[in-house]
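>>> Attaching a predicted model along with its sequence, questions to come.
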Amino acid sequence: MTSIYSALSKLEESGGVGALCTIVWTQGSTPRGAGSKMLVYPDGGFVGTVGGGALENRVVREALEAIGDGKPRKLSYKMDDPELGDPGVCGGQLEVFVEPIVPNPLLLVIGGGHVGKAVVHLGKWLGFRVAASDDRPEFCTPEALPEADEFHPIPMAELPQHVEITPWTSIVLTTRGADVDAIGLPALFESDAAYIGVIGSRRRWATTVKLMQEAGVSQGKIERVHSPIGLELNAETPEEIAVSIMAEIIMLRAGGDGKQMSG
């Protein structure tokens, strides 16, 4: 049988997702004692136990919710009377702490020009795992983008076949034109990415939208895109634009509003 610690190690090595559930307090008779652990996976499977039966089923449901929203929670249960909604009849009480385990966020930067290079550099500095892509191989190498963790010199439409795009993925397009974006974006719309941003002016984005609409892409999918990308900082240099882009990503991930804190 796989130990809970071995399972946790494998989960970390693979960059996987799960929730660690630990009984942190008990009183009276309970199915398992304090310190008992269970690791729950996104498909509802688990390793370890916090007691079995109705109690375990409830904890698994809460763990799946924690995986979805990324928020830890402490659960309290009485084990007295199932007719009153209790998950057992042992007579005791217990508390379970549920800790979601999520991978380091992935930043997928498509386009290895000056701005793309600056976004890769800043994203890595901010703690993201960075994947770089460009359909021009010379722009997608360790020499061109030394801070990137992985390289995908392929057309944008093929990226979902090579990169695991999850709700912890932010996609930044620093590409060279509307025609490239219009062809590649529809494949990305089918992913679970938390953020898709496209560089360029409002006019360029309007052109991209028109091309996608003519190709039959739905408005609902198009509205997933943030474009023009980033927060309004009057940024000019590639480095300043990268700050604007990453500031928007951080703001949306953390639920901020982008306002001046001194205002």
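On my side now, so go ahead.
>>> quick one: the strands in this structure?
Remark: strands assigned in the chain by DSSP state E are 18-27, 37-40, 46-48, 73-78, 93-101, 106-110, 129-133, 150-152, 169-173, 195-198, 225-226.
>>> Ile241 against Val115, yeah?
Yes: contact criterion Cβ atoms under 8 Å: Ile241 and Val115 qualify, at 5.3 Å. (Glycine included, C-beta is placed from N, CA and C.)
>>> which neighbours do the two share?
Common contacts of Ile241 and Val115 (Cβ atoms under 8 Å, 6 or more residues apart in numbering): Ile199.
>>> coming back round to it: which one of the strands of the chain lies closest to Gly256?
Closest of those to Gly256 is strand 195-198, at 13.6 Å (criterion: Cβ to Cβ).
>>> Show me the strands paired with the closest one, marking each as parallel or antiparallel.
When pairing is defined by DSSP bridges, strand 195-198 lines up against strand 169-173 (parallel), strand 225-226 (parallel).
>>> okay, those strands in JSON lines with distance to Ala7 next?
Below are those laid out as JSON lines (distance: least, Cβ to Cβ, whole Å):
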{"stretch": "strand 169-173", "distance to Ala7": "24"}
{"stretch": "strand 225-226", "distance to Ala7": "37"}
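>>> Minimum distance to Ile199: which of the ones you listed has it?
Closest to Ile199 of these, according to Cβ to Cβ: strand 169-173, at 6.2 Å.
>>> In this structure Gly123 contacts Pro105, no?
No: between Gly123 and Pro105 there is no contact under Cβ under 8 Å: 9.0 Å.
>>> ok, the two, which is more surrounded?
Neighbour count, other Cβ atoms under 10 Å: between Gly123 and Pro105, Gly123 has more, with 28 against 21.
>>> which one is that one nearest to, not counting chain neighbours?
Of all residues beyond its chain neighbours, the one nearest Gly123 is Leu107 (4.0 Å), with distances taken as Cβ to Cβ, 6 or more residues apart in numbering.
>>> Pull the contacting residues for that neighbour.
With Cβ under 8 Å, 6+ apart, Leu107 has these contacts: Val119, Val120, Gly123, Phe128, Arg129, Val130, Ala131, Thr169, Ser170, Val172, Ile249.
>>> list the contacts for the residue nearest the centre of the chain?
By Cα atoms, centre = their mean, the chain has its centre lying nearest to Trp168, at 0.8 Å. By Cβ under 8 Å, 6+ apart, the residues touching Trp168 are Val102, Pro103, Asn104, Pro105, Leu106, Ala194.
>>> now with 6 Å?
Going by Cβ atoms under 6 Å, 6 or more residues apart in numbering, Trp168 touches Val102, Pro103, Pro105.
>>> For those residues, give me JSON lines that also has distance to Leu64 and pLDDT.
Output for those, formatted as JSON lines (distance: Cβ to Cβ, whole Å; pLDDT from 0 to 100):
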{"residue": "Val102", "distance to Leu64": "13", "pLDDT": "85"}
{"residue": "Pro103", "distance to Leu64": "17", "pLDDT": "81"}
{"residue": "Pro105", "distance to Leu64": "20", "pLDDT": "90"}
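>>> which of these lies closest to Phe46?
Val102 (16.8 Å).
>>> Count the residues that sit near that closest one.
16.
>>> Ok, Cys21 next?
Cys21: 27 neighbours (other Cβ under 10 Å).
>>> thought it was touching Val98?
Yes: between Cys21 and Val98 there is a contact at 5.0 Å, judged by Cβ atoms under 6 Å.
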